Structure formats: C-alpha cells, structure tokens
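[1] Need a 3D model of the sequence below.
(2 chains)
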Amino acid sequence: MKTLSKYLRTIVCVGLILIFQFSVLNSVSAQGIMGGHVTGNIQLDGQISSADSIIGAQDVPEWLLMNARADILYTNGGFSAGLRFEAYQNPMLGFDNRYKGEGIANYFVSYQGEKLSVTAGNFYEQFGSGMILRAYEDRYLGIDNSLRGLNVTLRPFNGVTIKALAGKQRYFWNYADGMVRGIDGEVNLNSIIRCMAESRFRATLGAGFVSKYEDDQTIAFPDNPSYRLNLPLNVGAGAVRMDLAYGNWGLQAEYAHKGQDPSIMNNFIYREGEALMLNATYSQKGFSANVQAKRVDNMSFKSVRSESGEMLYINYIPAITKQHTYAFLSMYPYATQTTGEMGLQGDVMYKIKKETLLGGKYGTDIHINGSIITGIDTNNIGGAGTRGYESDWFKTGDLYYADASLEVAKKLSKAVKLTCTYGYQVFNPVVEGHNGPLHHNHIVVGDLTWKVNKKNVLRFEAEWMGSDSKYDPNVDDKRCGDWIMGLVEYNFTSAWFVSVSDQYAYQDGIGNYYNVSVGYNHGATRLQLGYGKQREGLLCIGGVCRQVPASNGLTFSLTTSF
Amino acid sequence: MKKLFLTLACIALGGIALAQNAQLPQNITIKALDGTSVQTSAIQNDGKPMIISFWATWCKPCNRELNTIKEVYEEWQEETGVKLVAISIDDARSAARVKPHVDGNGWEYEVYLDQNQDFKRAMNVVNVPHTFVVNGKGEIVWQHTSFVEGSEEELLEVVKKAAMETEK
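    Coordinates of the predicted model:
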C-alpha cells in the first residue's frame, strides 16, 4: 500500500508540474499552440463532532472528520485532461467508511470535437433518462458511479448522436469486477428531415443497449444446497424513448427492459425486469402543468450481483416525487424502490397577473403538487432460482408514499416577499426497510424575505409539523412526533451571512436541533462555519443549496473554483 | 498528505493567477428545452456580454435570483445588450419539470439542460446558484456563487463593465 501511495504521489506531482508548465508557457506565448487553461475546484468539509444518541451522531474517536477534494482541469481547445484528488481523514458522518484514505480518485484525457468526442479514463454518461445506464456522481451523498474505460460519441450529421462505451465502475478506492458495455443512438427528426425543420412538431427518438459481464460464482440453490444456480454471465438491458412536442404540449416516454439478472437485490430470482416512464406537459407563459407516471418492476441493475446497498448501480430510476427544500417537507424523502413500484405525480404552476384582485400590485405565484407511489402487485411462485413472482400490470400493491402541497408566493411590497406552503404526506416506513404504521404528517411553512435596503436582507422561516407518529425507542425513528422550527437569517450583501435556527420536537418525539451558521462568499469561494446539531438532508441557507451530513458540534466548509 | 495538499494549493493559486481569462468551453453537449442536442459553442450573443447561471428547479436561491433578474431583464438588455443563459443541472428526477417551471415562472431566458453535468464539471461549479459573466470575446470575466436579494446590482455593474470593454 505504501509503495502504491508513493507511486500515486509521484504521478500527482508530475501531472501538476506538467499542467503548471503548460499554463506558464501559455502566459508567455499568448497565441502559441501551447495555449490552454488550468481551472479547477477545491472543497474541504470538516466536523469536530461529539456523540449524541438523540440525533444519532456516533462517538468519533478521532474527533476531527474531514472530506477533501480537488479537481484540476487542463483545457486547450477541444483537448482536456483532468485529475481529482480525494482525501477522507476520516470520512464524515453519513459517508461510507470504505472511503477512508487519500489518493487520485479520478483521471481522464478527453477530446471534444464537433463530430467526435473521445474520453479515456474516468467518465460520466447517461443514456436517455438513465433507466439502463447512468454513471454519475453526487459528491455530497458520497456517490460516484463513474466508469473507468473508454467513451466515444459520434455526431456524423446534425441531429444524430451515437454513443459507445466500455468500462468498470468505481467502488470506493477500487474498481468493480463487472464490465459494463453500452451503445446508444439518438435522432432528432427536425434536423434530419428537411420539411420538418421549421415544423411546430418536434420529435427526438432514441434507443440504447447495455450489457454487463461478470465472472461466474457459486451460489447454492436454497431448496437443495448440493445444486448451484446457473448464473447468466452477461446481462443485457435495452431501452427505447421518444421526446415529442407540439406547440405548448410535450410528451416524453421511455421503456426499458432487462434480461434475467439474479442478484442479491432481487433475492436471486430469474424474472426479467422492465420499467416505463411517461411525462406529459402543457405550458405557456405564466401557466404550466405536468403529469408523470411510472411503473418499475425488478429493475435493480448493478455491475456486481452480490452488491447490496447504494453502490454499483449501472442504471438510475428516479423518484418522481417532488424534491422539497423546506426542512419538514423534506424530512421524509422518498427513495425509489428499484425492485418494484408504481407512481403518479402532478404539478401545476400558475401566475396570477399583476393589478388583479388576487394578484395585487406585483402578482401572485401558485404552485400545486401531488404524488402517490405504491408497490406493484406480486403473486409469489417461488424463491431463488425461479421466476420469483407474477404481477398484474395494472394492479397496485401497498401504498408507499403520497403527498400534496400548495405553495403561494407573493410580493407584499417592493421590499417584502412572503411564501406560504401547506403540505400533507403519508409515509410508509417499509421503503426504508422497516415495518410499522403509516405516518401521516401535516406541514405548514411561512418564509418571509425582507430587503431592508440595498445591502441588508433578512429572512425568517417558521415551520410546523403535526404527525400521528410517536417516537418508539425500539424503532428509533427520530423524525417521529410533532415539531416546530424557527430560522432567522441575516445577509450583508451576498458576501456575509449569519443564520440561527432551531427544530424542536414538542410532542411525542425527541430532539432539539439548534444551529448557528456564519458564512462568507467572495467570487467563487465560499467559507462556512456552523455550530450545533444538524439533521442530514438538503440545506438552503446563505444563498446556496447543498446536501449536508448529520453532525453535532462544529462544522466547517470551504469551496472554491478557479 | 500535508505536503501534497500544500502543493495542490500552490498550484491552484498559480492557476487562479494564470487562468484569468478562461474561455467558455466550446464542444460540450447540452440539450435545448425541445430535446435537441446543442454544443456549448452555440451559446453566443453577437459580441455582447452574457450571464451564465447554473440553477436547479429545487434550488430556492436560484429561483430567487432568476425571478429577481426577470423584473429588470428588459432594462438590462436595453442598457447593455446582455443575454442570460440559464443552465439547469436537474437530473432525471426533475429534468421533465424544467420546461414547465421556466414557462410557469414566465422566464424569457435561453435555457438548457445539463443532465449529465458535463458543462457543470467543465465550469467547476460546485454549488448552485453559480453565476458567470462572459464578455463579448467569450472570456469568463467574473463568477460568483450564492444569491441574495440586492446582489443583482453588483451583477449589473459587472455586466456594464463587460459591455463597455466590448465596445472599445
């Protein structure tokens, strides 16, 4: 290991010196062939944490936890090369401990031309909406599904895109054994059919295929352990999609199908998988509506069949529920059940015009949203080694999640803006892997921004959540009960901010999350310090939004790009 | 480890000094709202300045920024010729909501989807909102992360300066 890290260090130094040389040469010969630019970003997050059983922060013997990362990118015309350094000393709360360590986590060289793009090394890619392939990263969630290999994109004529790739998925500091190969094509009919060029009817069609190869292994047949499962070494998945629009109307559809893929995720059954996603929209200036529907059946697709948990997904089945940003509305986030779910979601946005009775002097924005997600119908016909179950396509299973919300935003005067939200949620704890009664929550949020003058802005937020759930130490779900929250944020221009907040379980629950944060922004640099107890989740204060891990104590965060 | 980090920091600072006038990346593929693939070289404004704003439907400060600018956008355009290009980083979960969101809010910006986040990575965007000002020569002359009411005034000053430079 030591030699390896030494070796990596040498690579970094040489790489960085090379990049440095390039940029120095660039500044000397402004128009020379060596012209190019070095850009990058650095991120440093740390926490000095103390144990707190109430919020679930564990005792941390090393007292300081830190995640650091730096991306360095060299670009010269269509050519670019980059590397990423990551260090987890030790990983922050909520990050998998297998990230512990430091080194070059990602590197690539790439050429992006008009007709051809090639990337060798680590790359991110997505076919359609990602139902059969999505290599992506979410740095704040500790997800990096990047593929290391080769990615080629061809654009032979305007309107036609063909992608081909092969690689292995990142698995913490290693690469998974399974090999991922894929090809995808997309055609924009308006670009290739001359008479459609100016048509109000817009159409894009696409199709993709992904294959995974993994070596054989011995998995005993549960009914008769002297037999072993005959595992498919190659698993294929294909998808077709279309994106149609006519005037104000739009329709997107994608259907994916996956071959037999017995894995730990589906309890080694041989049923084929499928998923369908539909989205219809109507929109005009000041009014829009959209409806989404989906059905997912046995679509967990990973590059290693024995991998449970959140890593090594080749595909991505998005949750169609709305991503809320207020603390209580997002306290019970819905996570997609890749093994099977059905869902329906709708959104309406409407702007009441200025100078009308309801619109007032500045107009009023109304946003309505609702969703319902259930399991699929399953009729068991066997366990591992069989087709597992049969399913009636149109029959729904248990209710997993439902929500409805109404948001009204109104500018009261030149300086004051008020947003009020009411939300109702039903949450089934089975989506997080435990049984228990449904939670029914009512949530009310008031959010007021007051621009005192050009440089000083105050923001107040008050939230309430009434729930029929009660805290049970055996289940230990710390979100149960009735909650209130208050937040005050003061901004001095966009440079400085201070925020103070408290979330308190006043009935049937436990927990008191108080937090003080101070931040400074300058250009693309942001420094933030916090003290208190923090629930994990999406946090939008001081003018930006980001995911934060659970913490108890002092936290600091520095991000910069150049 | 410490040494390595110091080296990185030094190089980074060196980079800051040298990369003052980085150009907008040219051949990265993004999508227009009607589903057509577009290369970033198509982001142009006839030699006038542009504001490039990375945002997401779920990001409140981003929405505040784009809604605040909406109210003064016409004035800004008349005064400086500026064009605002809004790059959505929404992923498969919310990408389908982008067009209804843009229309519902009545935004008249040029909007693109960067679902695979290639453009976001090339521009070193970490958090949203992250806003850039590009001058008439396609050079990035200013960038800022975060938005608070009132900071649009600072943005306008930068745009005016970029517009004046272009006229020279």
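
[2] which SSE is the residue of the stretch 251-400 of chain A found nearest chain B in?
    Minimum separation of the stretch 251-400 of chain A from chain B (C-beta to the nearest C-beta) falls at A:M349, amounting to 3.0 Å. For the C-beta atoms, the positions are set from N, CA and C on the backbone; glycine is no exception. Assigned by DSSP states H and E, A:M349 falls within strand A:340-352.

[3] just how off-centre is that strand within its chain?
    Remark: strand A:340-352 is offset 19 Å from the chain centroid, using C-alpha atoms, centre = their mean, to the nearest Å.

[4] how about stretch A:287-300: buried residues?
    A:287-290, A:292-300 (16 or more other C-beta atoms under 10 Å in any protein chain shown).

[5] So what pairs up with A:L276 in the strands?
    Beta bridges link A:L276 to A:Y255, A:R295, judged by DSSP bridges.

[6] correct me, but it touches A:K294?
    Yes: here A:L276 lies in contact with A:K294, judged by C-beta atoms under 8 Å, at a distance of 6.4 Å.

[7] From B:A122, how far out is the residue most central in space within chain B?
    Residue closest to the average C-alpha location in chain B (C-alpha atoms, centre = their mean): B:I52, at 2.1 Å. Using C-beta to C-beta, to the nearest Å, B:I52 is found at 12 Å from B:A122.

[8] And for B:V72?
    B:V72 sits 29 Å away from B:A122, going by C-beta to C-beta.

[9] now A:F556
    In terms of C-beta to C-beta, A:F556 sits 28 Å off from B:A122.

[10] Settle it for me: which of those two has more neighbours?
    Comparing A:F556 with B:A122 by neighbour count (other C-beta atoms under 10 Å in any protein chain shown), the higher total belongs to B:A122, at 21 against 15.

[11] who are the neighbours in contact with the more buried one?
    Residues near B:A122 by C-beta atoms under 8 Å, 6 or more residues apart in numbering or on different chains: A:73, A:75, A:80, B:25, B:28.

[12] Could you say which helix or strand holds the second one?
    It stands for A:T75. Per DSSP H and E: A:T75 is located in strand A:64-76.

[13] Name the strands paired with that strand and say parallel or antiparallel.
    strand A:37-49 (antiparallel), strand A:79-88 (antiparallel).

[14] quick check: mean pLDDT across the last one?
    The average pLDDT for strand A:79-88 rounds to 96.

[15] in it, what counts as buried?
    The neighbour-count check on strand A:79-88 (16+ other C-beta under 10 Å) flags A:80-88 as buried.

[16] For these, which two are the farthest from each other?
    A:S80 and A:Y88 (26.3 Å; C-beta to C-beta).

[17] just to revisit the earlier point, once you drop chain neighbours, what's closest to the residue nearest to the centre of chain B?
    Excluding its sequence neighbours, the residue lying closest to B:I52 (C-beta to C-beta, 6 or more residues apart in numbering or on different chains) is B:F132, at 4.4 Å.

[18] which stretches of the chain form helices?
    The chain I'm using is chain A. A:2-28, A:189-192 (DSSP state H).

[19] if you could check chain B rather than the one you did, that'd help
    Going by DSSP H, chain B shows helices at B:2-18, B:60-80, B:98-104, B:118-122, B:151-167.

[20] Please identify the deepest-packed of the ones you listed.
    Greatest average neighbour count among the helices of chain B goes to helix B:98-104 (a mean of 23), per mean count of other C-beta atoms under 10 Å in any protein chain shown.

[21] Does that one reach chain A?
    Yes: counting by C-beta under 8 Å from any C-beta of the partner chain, chain A is contacted by helix B:98-104 at B:99-104.

[22] Contacts only, for the closest residue to A:K168 other than its chain neighbours.
    Once flanking residues are discounted, A:K168 sits nearest to A:Y175: 4.3 Å by C-beta to C-beta, 6+ apart. Residues near A:Y175 by C-beta under 8 Å, 6+ apart: A:148, A:168-169.

[23] shaky segments in chain B?
    B:1-21, B:167-168 (pLDDT under 70).

[24] run the last query once more with 80
    B:1-21, B:166-168 (pLDDT under 80).

[25] Repeat that for the stretch 201-350 of chain A.
    Those would be A:222-223, if you go by pLDDT under 80 across the stretch 201-350 of chain A.

[26] How about the contacts made by the residue nearest the centre of chain A?
    Among the residues of chain A, A:D138 comes closest to the average C-alpha position under C-alpha atoms, centre = their mean, at 6.0 Å. Taking C-beta under 8 Å, 6+ apart as the criterion, A:D138 is in contact with A:144, A:547.
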